[in-house]
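>>> okay, predicted coordinates and the sequence, questions at the end:
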Amino acid sequence: MITKETLFALSLFPYLGFLWFLTRSGETPRLALIGFYLILVFVAVTIPAGIYAQVGYGKELANVDWLHGSAEFFLTLSNILVVLGFRQAIIEYKRNQ
């Protein structure tokens, strides 16, 4: 049986491929690209936070609010950067037309 942790780890490979193609295309707005890479920081923070929640509190990460909120901050920040990056690209595109 595949655990959610295994599935989570395996999902990194397609995402790394996505980042590789996105970076190579040269078409992605820089700020949005930074946001997409920041998702890796979210993953890197979430894993130890989840382990600490399990070991320190005996609970899942979602049930330890301060840890969960701290980890989710990086996801929120990455989403904001992606949106702002594409917003900026749309504004520049419209200006050049």
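Great, that's in hand. The model shown is predicted, which means the values in this text are computed figures rather than measured ones. Residues are numbered from 1 along each chain as shown.
>>> quick one: stretch 25-34 to chain centroid distance?
Centroid separation between stretch 25-34 and its chain, computed with C-alpha atoms, centre = their mean, to the nearest Å, is 15 Å.
>>> in it, what's buried?
Thr28, Pro29, Leu31, Ala32, Leu33 (16 or more other C-beta atoms under 10 Å). The way it works is simple: take the backbone N, C-alpha and C, and place the C-beta from them, glycine included.
>>> strands - which of these land there?
Among the buried residues of stretch 25-34, no member falls in strands (DSSP state E).
>>> the lowest-mean-pLDDT helix or strand in the chain: what's the following helix or strand?
One helix or strand of the chain scores below all others by mean pLDDT, DSSP states H and E: helix 4-10, with a mean of 78. Proceeding N to C from helix 4-10, the next assigned helix or strand is helix 12-25, under DSSP states H and E.
>>> and the lengthiest helix in the chain, what's buried?
Longest helix of the chain, by residue count under DSSP state H: helix 65-96. Applying a neighbour-count criterion of 16+ other C-beta under 10 Å, one finds Leu67, His68, Ala71, Glu72, Phe74, Leu75, Ser78, Leu81, Val82, Gly85, Ala89 buried in helix 65-96.
>>> just name the closest of those to Ala44, please.
Of all the buried residues of helix 65-96, Ala44 sits closest to Phe74, with 8.6 Å by C-beta to C-beta.
>>> would you agree the closest one is in contact with Leu38?
Yes - between Phe74 and Leu38 there is a contact under C-beta atoms under 8 Å: 6.4 Å.
>>> and the furthest pair within the buried residues of stretch 25-34?
The span of these, defined through C-beta to C-beta, is set by Thr28 and Leu31 at 9.4 Å.
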